[in-house]
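A predicted structure for the sequence below; I have some questions about it.
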Amino acid sequence: MIRASAPGKLILFGDHAVVYGEPGIATAINKRAYSTACELDGKKIVVESKDTGETTECGIREKSKNPIIAAVQEAQKFSKSRSGIGIEINSQIPIGAGLGSSAAVATATIASVATLLTGKEPSTMEIAEMAYKADKLAHESPSGIDTAVTSLGGTIFFKKGNISQLDSEPLTLVVANSGVRRNTSDMVLRVKNSIRDPRVALSMFSIGSLSKEARTILLGKRQGDLGPLMDRGQSLLKDLGVSSTSLEDLVQLAKDSGAVGSKITGAGGGGCIISLSDNPETLIQAFKESGASAYSVRTNQPGVRID
Ligand code: MEV
């Protein structure tokens, strides 16, 4: 039996624009998904999620859009083994909230299954490649930023086909959840349908430029200066049509409670916003008083590992 874990993620800059080749910045957080793999008799894959209470079963050669099954099958291909596999998932990452739950579970599963079947741990780059292949089967045109950061960890500067680690300091950010679950593929498709509009194309370019500015700030260890860039990022994401009344209300509340910057993280439509504040505890209290679930997270955390 092998247990692996991978971190959740925040997209700091570049949400959606990374799908169109613009750069983005993503960071691994201190909430993790755990996947335990064991070999099973019979040509089947059985996935049990301790968080949702769901069990899914599938033949080892059966095509599936389930991201965990797709992850197991990629790891089997890599390992040149077709043994039956049982998976148990435990995760600290909320589902459908833009914090990378799906990518973290897939990444941890690939690491646990490939290590179990080959007897040695694949490199993080090999895991990232397998996780991206599995993600492509399960989601609409993913850029690969989610699976790259849940595999590599730290804080990455990502441009399709080109990933580098940013030598930056960990940050404390406040996450507030709108409580509205959304589906990343639906949001990516919605944006794709408007990409021929020149204003949308221009917004993508501007989002990419913010990522470059943010990289300079992070490398200069001037994290406190990120706030205004987060606000500009939020305004561009609103123009793309991926914000919502409940997300805008959270952004306004953050501003009224002293945050220096706030934005959606991930696909939007629901899910979470992230805020930078000199007083994270005061901000968390303000969110909680308004009825939103909120907590602080640390960025720049380790990537996938065998536990
Ligand atoms: C989702 O976490 C991030 C998006 O940019 C989609 C993607 O990059 O695949 C919205």
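Cool, the structure landed.

kindly report the residues of the stretch 101-250 of the chain close to the ligand.
Pro142, Ser143, Ile145, Asp146, Thr184, Val188 (CB under 6 Å from any ligand atom). Any C-beta I mention is one placed from the backbone N, CA and C, and that applies to glycine too.

out of these, who's the most crowded?
Neighbour tally across these (other CB atoms under 10 Å): the maximum, 31 neighbours, falls on Asp146.

excluding chain neighbours, what is closest to Thr56?
Spatial nearest neighbour of Thr56, excluding adjacent residues (CB to CB, 6 or more residues apart in numbering): Val47 at 4.7 Å.

for that neighbour, give its distance to the ligand.
22 Å (CB to the nearest ligand atom, to the nearest Å).

host element of that residue?
strand 44-49 (DSSP states H and E).

now do the buried residues in that strand.
Ile45, Val46, Val47, Glu48, Ser49 (16 or more other CB atoms under 10 Å).

same list, the residues you listed, but as JSON lines with pLDDT please.
JSON lines is the format used below for the buried residues of strand 44-49 (pLDDT from 0 to 100):
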{"residue": "Ile45", "pLDDT": "97"}
{"residue": "Val46", "pLDDT": "97"}
{"residue": "Val47", "pLDDT": "97"}
{"residue": "Glu48", "pLDDT": "97"}
{"residue": "Ser49", "pLDDT": "95"}
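
next, format these as CSV and append distance to Pro302.
Converted to CSV, the buried residues of strand 44-49 look like this (distance: CB to CB, whole Å):
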residue, distance to Pro302
Ile45, 27
Val46, 29
Val47, 24
Glu48, 26
Ser49, 23
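
where exactly do the strands run in the stretch 51-200 of the chain?
55-59, 84-91, 155-159, 162-165, 172-177 (DSSP state E, counting those that start in this stretch).

what's the closest of the ones you listed to Gly270?
Gly270 sits nearest to strand 172-177 of all the strands of the stretch 51-200 of the chain, at 8.9 Å, using CB to CB.

alpha carbons only: can I get the closest one in PDB?
Taking C-alpha atoms only, strand 172-177 is exported to PDB below (Å, rounded to 0.1, in the frame of the first residue of the first chain):
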ATOM      1  CA  THR A 172      -0.400  34.500   4.100                       C
ATOM      2  CA  LEU A 173      -3.600  35.000   2.200                       C
ATOM      3  CA  VAL A 174      -7.200  35.000   3.300                       C
ATOM      4  CA  VAL A 175      -9.600  32.700   1.400                       C
ATOM      5  CA  ALA A 176     -13.300  33.400   1.500                       C
ATOM      6  CA  ASN A 177     -15.700  30.900   0.000                       C
END
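
so which elements touch that strand?
Counting contacts by 3 or more CB pairs under 8 Å, 6 or more residues apart in numbering; DSSP states H and E, strand 172-177 packs against helix 245-256, strand 272-276, helix 280-289, strand 293-298.
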